[in-house]
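*Asks:* Here you go, sequence then predicted model.
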Amino acid sequence: MILRVCVVIPTYNNTQTISDVVKDVVLKTPFPVLIVDDGSDRPVGDCLYSWDVKQAMESGRVRLVRFPKNRGKGAALRFAIQDLVGQGFTHMLTMDGDGQHLAAEIQKLVEIARDHPWDLIIGNRKFRGDTVPSASKFGRKFSNFWVAYQTGAKVRDSQSGFRLYPLFTIQNFSFFTRKFDFEIEVLIRLIWKGIQVRETEIEVIYQKPGERVSHFHKFWDNFRLSVLNTGLVTATLLKSRRSPAQLAAGVGVGVMIGCTPFFGLHTLIVAGVCFLLRLNGLAMLLGSQISIPPLAPFVILGSIYVGNQWLNVKLMDGLVPHFYQWLTGSLVVGAGLGIVAAVITYIAAVLAQNKRSKQSNWTGRARGGRFGNGFLLVVLRTLGLRAGYFCLYFIIPYFYLFAPQGRRGLNEYYRLLMPELGFWRRQGQIMRHFFRYGQVLMDRVYQGYATKLLFEVRADGRENILDPLKDGGGLILLGGHLGGWDLSSSLLSITGLSDKMYRIEHKPAGYSYHSMTENLRKGMVTSVDSKPNQDAIFTIHQSLQLGKCVALMGDRPIGDRFELISFLGKLAPFDVTAFRLAAATRSPLTFTFGFKGKGNEYEFFARPPKLYQYSPQLPRELQLYAWTESFVREVERFLKIYPEQWFNFYSFWSSVPTAPDGSPSKAAGHCLLEELPIPSQWESGWAPDANLKPRDL
């Protein structure tokens, strides 16, 4: 994966330092620069005196965007995130415009990101010298304490603005803050999301008192940070701390508190203990409900009985001894019941966690189980396709309600493709999307049972497949999980392609759609498992050498061979394996797509094939990126025509690609960063205010 880094400098009234800061970045780094003038009294454009900076602006390497009025550092960074994601950058490096940060330190953060591209990298400032304000030292310690409390993670400099953000992991966040508190919000939420924070020490410059320009308002910014920390602490105690052990501890302690005789005060006690011990508040509240009917009388009687074994209180001894007897017994009973509840909670949480981890990304497993899918097979074989379509009216509502992963994925998809849709209209569109998918699945199965052609195929570009094969060479077909590609392509046997096609696909373990239809695959398609092994590689190369067709999918990367490319306005991972294979075997490659049309009609498209060969003048990774981007643009074009035939039912724009062992991919920048060109929009002299205007964030 290529790291595409842009340096972002938000600035407000730094008229004396901003020119030198930008010059330092231009001369000491190879990266493009985005300056966000946050409504400075004097426009930053009038303060950039350096000839090097002016030359960089003319070439497009330095870009300046100005807000008409001051909105805050957070608003400037939020704008930069949206802007850079649309440009295809993968990382945003932020530094202040007051001269505190040094451009020479940028490479430290980038080198760490090469090996850890999904992590947040923070420059840990060295506080040395007499010019470092004591307020900055105290503020950092105070902030670090609350970050540790809210996340359990140890961050040494949570207030540092010198950071390298992985844009893929934050592009879908909806932020709440716009001022200095933004950096705390994004830090906490990234840690909650499971993103690791890595730090490296950096040198900083603090001017003498009176020379440094700071826009931190001691009252209002501290007030905002206090409000933010209050909200984050509340969210920490209610929504986070969700590991099986933490949930079990919360429920167990809650049960123990609920057994005590302090009725009416249990919620207050839970809140206090929750804050002190950093336990999950909802789990504790749930556990404390053991004191409500019908359990309460049994808990009270059991507590009094157990307490009487230690404190032999007589009937006439008064209220205080009886209360102590009740309290003593309640602690013993509560401890016992709490341990039992904690064990049960732990087991249930582990089982639920394992299930969620299997569903976090795409797995390929079928829904409905053997019985449900088997019933549909019987309907299709005995009653026909129309009866199967009719069953979808009952299946789709169930699927919508009980397939949260698919529902989330399509909500993400339609927010990008059709942003004008409101929530309820979008849910209706998702239901239609599921219905279309069900039809395509049934068409595949139904044709598999038939002995004759049941669907009409309109082929556009059929000759782009047949002509290259006439010369005896192999051909690579590159498609994606959209439309009915496999059905429409398998029907090409009637158009002159009589030999078998080898389709490279992921075969998940366990019961899946592929295992359900394996016995139905007839004719010309032979599937090959995409997992990297010698058998698959040998089959692919041998097939191409023998002049066969090999079909691959380019939109579900498994492993490290992918690039993050702007797709429908957001970064998304796309596999580059097909282009690597084409360049290595010198086989032509064509983009192929198939879609369900009206009625029983399918439309198949094949683009003119191309030979992909590496040029020695450019890094190979950069060429793979450009080739893959051309495929992505083609996918975008077809989705605007067939919006309901995007069949990736998971969070495509926020799921980190996985390695073959199931862990997050560690793909990093294989290409020399110094050789990367500036994005095409900047090369062409793109005017910053012509197509993109700062939004009211």
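*Replies:* Yep, it's here.

*Asks:* which helices and strands sit right next to the lengthiest helix in the chain?
*Replies:* Criterion DSSP state H: the longest helix present in the chain is helix 319-359. Secondary-structure packing of helix 319-359 (3 or more CB pairs under 8 Å, 6 or more residues apart in numbering; DSSP states H and E): helix 244-259, helix 281-288, helix 296-310. Any C-beta I mention is one placed from the backbone N, CA and C, and that applies to glycine too.

*Asks:* Format these as CSV; extra columns: distance to G272.
*Replies:* Shown next, in CSV, are the helices and strands packed on helix 319-359 (distance: least, CB to CB, whole Å):
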stretch, distance to G272
helix 244-259, 10
helix 281-288, 11
helix 296-310, 21
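
*Asks:* Save the ones you listed as TSV, and put in distance to N144 and mean pLDDT too.
*Replies:* Putting the helices and strands packed on helix 319-359 into TSV (distance: least, CB to CB, whole Å; pLDDT from 0 to 100) gives the following:
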stretch	distance to N144	mean pLDDT
helix 244-259	22	90
helix 281-288	23	88
helix 296-310	42	85
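
*Asks:* Among the ones you listed, which comes closest to S651?
*Replies:* If you check each of these against S651 by CB to CB, helix 244-259 wins as the nearest, at 23.4 Å.

*Asks:* Show me the contact partners of the helix or strand just after that closest one.
*Replies:* Later in the chain than helix 244-259, the nearest helix or strand by DSSP states H and E is helix 266-277. Residues external to helix 266-277 that are found in contact with it (CB atoms under 8 Å, 6 or more residues apart in numbering): 233, 237, 250, 253-254, 257-258, 260, 262, 279-281, 284-285, 288, 291.

*Asks:* most neighbours, which of those?
*Replies:* Within those, neighbour counts (other CB atoms under 10 Å) peak at G254, which reaches 31 neighbours.

*Asks:* list the contacts for it?
*Replies:* 270, 283-289, 338.

*Asks:* Do a quick rundown of the helices in the stretch 401-550 of the chain.
*Replies:* 404-417, 423-449, 463-470, 485-490, 513-517, 534-545 (DSSP state H, counting those that start in this stretch).

*Asks:* any idea which of the ones you listed is most buried?
*Replies:* Highest mean neighbour count among the helices of the stretch 401-550 of the chain (mean count of other CB atoms under 10 Å): helix 485-490, with a mean of 24.

*Asks:* pLDDT weak spots in the stretch 551-697 of the chain?
*Replies:* 558, 659-697 (pLDDT under 70).

*Asks:* can you map out the helices along it?
*Replies:* 577-585, 620-641, 680-683, 688-691.

*Asks:* Any idea which of these gets closest to V21?
*Replies:* That would be helix 688-691 among the helices of the stretch 551-697 of the chain, by CB to CB, at 18.7 Å.

*Asks:* For G384, find the nearest of the helices and strands packed on helix 319-359.
*Replies:* Using CB to CB, those put helix 244-259 closest to G384, at 48.6 Å.

*Asks:* send the alpha carbons of the closest one over as CSV?
*Replies:* Provided in CSV are the C-alpha atoms of helix 244-259 (Å, rounded to 0.1, in the frame of the first residue of the first chain):
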residue,chain,number,x,y,z
PRO,A,244,-15.8,-10.1,28.9
ALA,A,245,-13.8,-9.6,32.1
GLN,A,246,-14.9,-6.0,32.5
LEU,A,247,-18.6,-6.8,31.9
ALA,A,248,-18.4,-9.7,34.3
ALA,A,249,-16.8,-7.5,37.0
GLY,A,250,-19.5,-4.9,36.5
VAL,A,251,-22.4,-7.3,36.8
GLY,A,252,-20.8,-9.0,39.8
VAL,A,253,-20.2,-5.8,41.7
GLY,A,254,-23.7,-4.6,40.7
VAL,A,255,-25.3,-7.7,42.1
MET,A,256,-23.4,-7.3,45.4
ILE,A,257,-24.5,-3.6,45.7
GLY,A,258,-28.1,-4.6,44.8
CYS,A,259,-28.2,-7.1,47.7
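
*Asks:* i'd like the first residue to be 48 from this point on
*Replies:* Okay, residue one is now 48; in that scheme the one you just asked about reads as helix 291-306.

*Asks:* For that helix, what is the distance to the chain centroid?
*Replies:* Relative to its chain's centre, helix 291-306 lies at 32 Å (CA atoms, centre = their mean, to the nearest Å).

*Asks:* picking up where we left off before, which one of the helices of the stretch 598-744 of the chain is the most hemmed in?
*Replies:* helix 624-632 (a mean of 21).

*Asks:* hmm, back to that, go through the helices and strands packed on helix 366-406 and name the closest to D490.
*Replies:* helix 291-306 (43.1 Å).

*Asks:* Would you map the strands across the stretch 98-247 of the chain?
*Replies:* In the stretch 98-247 of the chain, the segments counted as strands under DSSP state E, counting those that start in this stretch are 109-113, 138-141, 167-172, 210-213, 244-249.

*Asks:* Buried residues, stretch 73-86. List them.
*Replies:* 73, 76-86 (16 or more other CB atoms under 10 Å).

*Asks:* Kindly apply the preceding question to stretch 380-388 instead.
*Replies:* For stretch 380-388, using 16+ other CB under 10 Å, the buried residues are 380-381, 384-385, 388.

*Asks:* Save those residues as JSON lines, and put in distance to V703 too.
*Replies:* Formatted as JSON lines, those follow (distance: CB to CB, whole Å):
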{"residue": "V380", "distance to V703": "46"}
{"residue": "G381", "distance to V703": "42"}
{"residue": "L384", "distance to V703": "41"}
{"residue": "G385", "distance to V703": "37"}
{"residue": "A388", "distance to V703": "35"}
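
*Asks:* Could you point out which residue ranges in the stretch 398-547 of the chain have low pLDDT?
*Replies:* Checking the stretch 398-547 of the chain against pLDDT under 70 turns up 401-418, 498, 532-547.

*Asks:* now with 90?
*Replies:* Within the stretch 398-547 of the chain, the stretches with pLDDT under 90 are 398-432, 445-446, 449-452, 488-522, 529-547.

*Asks:* quick one on the thing from earlier: taking the buried residues of stretch 73-86, tell me the two that lie furthest apart.
*Replies:* The most distant members of these, if one measures by CB to CB, are P77 and G86, lying 30.0 Å apart.

*Asks:* Please report how far the nearest residue to Y460 once chain neighbours are set aside lies from K184.
*Replies:* The shortest distance from Y460 to any residue other than its chain neighbours is 5.9 Å, reached at W693 (CB to CB, 6 or more residues apart in numbering). To K184, W693 is 52 Å away according to CB to CB, to the nearest Å.

*Asks:* Could you do Q243 as well?
*Replies:* 26 Å.

*Asks:* show me where the stretch 498-647 of the chain has strands.
*Replies:* Going by DSSP E, counting those that start in this stretch, the stretch 498-647 of the chain shows strands at 503-507, 522-526, 548-552, 572-576, 596-600, 609-614, 617-622, 636-643.

*Asks:* which residues touch F223?
*Replies:* E232.
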